[in-house]
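Novice: structure of the sequence below:
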Amino acid sequence: MRLASRPLTAATVGLALLLGACAPEVSASEAAVVDGHAISRGEVEEPVRDALNRSGAVEGLDADERAQIVEPLQRRVLSLLIQAAVIRDLADEEGIEVAPGRVDERFEADAASVGGEEELADLLAQQGLSLGLYRDVLLPTQELVEGMRELVADDLESTVAREARHILVESDAEAQDILRELAGGADFGELAEERSTDPGSAAQGGELGPRERGFFVDAFDEAVWASAIGEIVGPVQTQFGFHVIEVLDETEVTPDDLSPEERRQRLDVLLDQLLEARFAAAEVTVSSRFGVWNALTGTVEPGPEVGSDG
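Specialist: Here you go, the predicted structure:
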């Protein structure tokens, strides 16, 4: 059973980001303008064309069938290019640079991991991406994002964690029985080992370890943080069943207490927030030839003139 409500995710170039959209109209040769910087039509069309030629995905199709494949891929590539442009601007302002040779190292390692450069190109083509776009845009942008971690490291703060244990059963009636047994003096840990259906914690007497607010699914998390230390509460119903819960302790978690993985997860959240704020302030205008910018999803979507030559 997984009680966590959702995993923390690393900041990536392909995140759905909130972007502004109030810049001058683009010219006929431009696909978009991002904070005054133009993205040309060729930057969008060429990698898609290269990928499709390599994959053969549009061979033998008529114009309408071809457009149904080409246009969504162009919108996807343009979305990535817009996000990369905003990230580069932020990196320039903060003095963040990609270490010399680092992109080449990553490119070579990625190619080797799939059997070689030709194999990597084939895999990218299946996604409508070209080898050049991956090497020259996506990898450098990912490196810049990694370099931005130090920008947010000083924002790491101490948090509070609660240590809880629980007994999970299938029905409300079973949970009520356990509550009565506990009230009569039964040992919580022994009951958890004997009766809990959660294999991940039963062997530990139901103990879940110290967790911060928001780690568990909503109903469980609310019960943990609303209870007094040492209080037994329940039944609490979640999608997993019915829980009897006891909060054992509350501790402060400082940045120095974090494991490398926990630190990275925290920095990912802060980095996401930094990028979202930056993207929300960006001025983005997309050519009607490619679509319209959706500030809520951070993607280029179809517009009334998509596919026209205007």
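Novice: give me the pLDDT for residue 186.
Specialist: Note on residue 186: pLDDT of 93.
Novice: show me where this structure has helices.
Specialist: 41-55, 63-94, 102-113, 117-126, 131-133, 139-147, 149-153, 172-183, 188-195, 218-226, 260-281 (DSSP state H).
Novice: let me see the domain layout of this protein.
Specialist: 30-153+259-301, 159-253 (automatic domain parsing).
Novice: now residue 130, nearest residue through space, not along the chain?
Specialist: Residue nearest to residue 130 in three dimensions, not counting chain neighbours: residue 47, with 3.7 Å by C-beta to C-beta, 6 or more residues apart in numbering. In this view, the C-beta of every residue, glycine as well, is placed from N, C-alpha and C.
Novice: circling back to that earlier point, need the helices of the chain in a markdown table (columns: mean neighbour count).
Specialist: Conversion of these to a markdown table gives the following (neighbours: other C-beta atoms under 10 Å):
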| stretch | mean neighbour count |
| --- | --- |
| helix 41-55 | 19 |
| helix 63-94 | 19 |
| helix 102-113 | 14 |
| helix 117-126 | 17 |
| helix 131-133 | 19 |
| helix 139-147 | 20 |
| helix 149-153 | 15 |
| helix 172-183 | 16 |
| helix 188-195 | 17 |
| helix 218-226 | 17 |
| helix 260-281 | 16 |
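Novice: and of those helices, who's closest to residue 294?
Specialist: Proximity to residue 294 (C-beta to C-beta) singles out helix 63-94 among the helices of the chain, at 9.2 Å.
Novice: average model confidence for the closest one?
Specialist: Rounded mean pLDDT across helix 63-94 is 92.
Novice: returning to what we had before: please identify which of the helices of the chain is closest to residue 289.
Specialist: Using C-beta to C-beta, the nearest of the helices of the chain to residue 289 is helix 41-55, at 7.2 Å.
Novice: and the angle from the closest one to helix 63-94?
Specialist: Counting by axes from the mean of the first three to the mean of the last three C-alpha atoms, to 10 degrees, helix 41-55 points 120 degrees away from the direction of helix 63-94.
Novice: what about this protein, any weak spots by pLDDT?
Specialist: 1-25, 296-297, 305-310 (pLDDT under 70).
Novice: in the longest strand along it, what counts as buried?
Specialist: Determined from DSSP state E, the single longest strand within the chain is strand 241-253. Of all the residues in strand 241-253, those buried under the rule 16 or more other C-beta atoms under 10 Å are 241-248, 253.
Novice: can I get the helices of the chain in JSON lines including distance to residue 32?
Specialist: Converted to JSON lines, those look like this (distance: least, C-beta to C-beta, whole Å):
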{"stretch": "helix 41-55", "distance to residue 32": "8"}
{"stretch": "helix 63-94", "distance to residue 32": "6"}
{"stretch": "helix 102-113", "distance to residue 32": "24"}
{"stretch": "helix 117-126", "distance to residue 32": "22"}
{"stretch": "helix 131-133", "distance to residue 32": "15"}
{"stretch": "helix 139-147", "distance to residue 32": "16"}
{"stretch": "helix 149-153", "distance to residue 32": "26"}
{"stretch": "helix 172-183", "distance to residue 32": "56"}
{"stretch": "helix 188-195", "distance to residue 32": "57"}
{"stretch": "helix 218-226", "distance to residue 32": "39"}
{"stretch": "helix 260-281", "distance to residue 32": "14"}
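Novice: fine, thanks again, bye for now.
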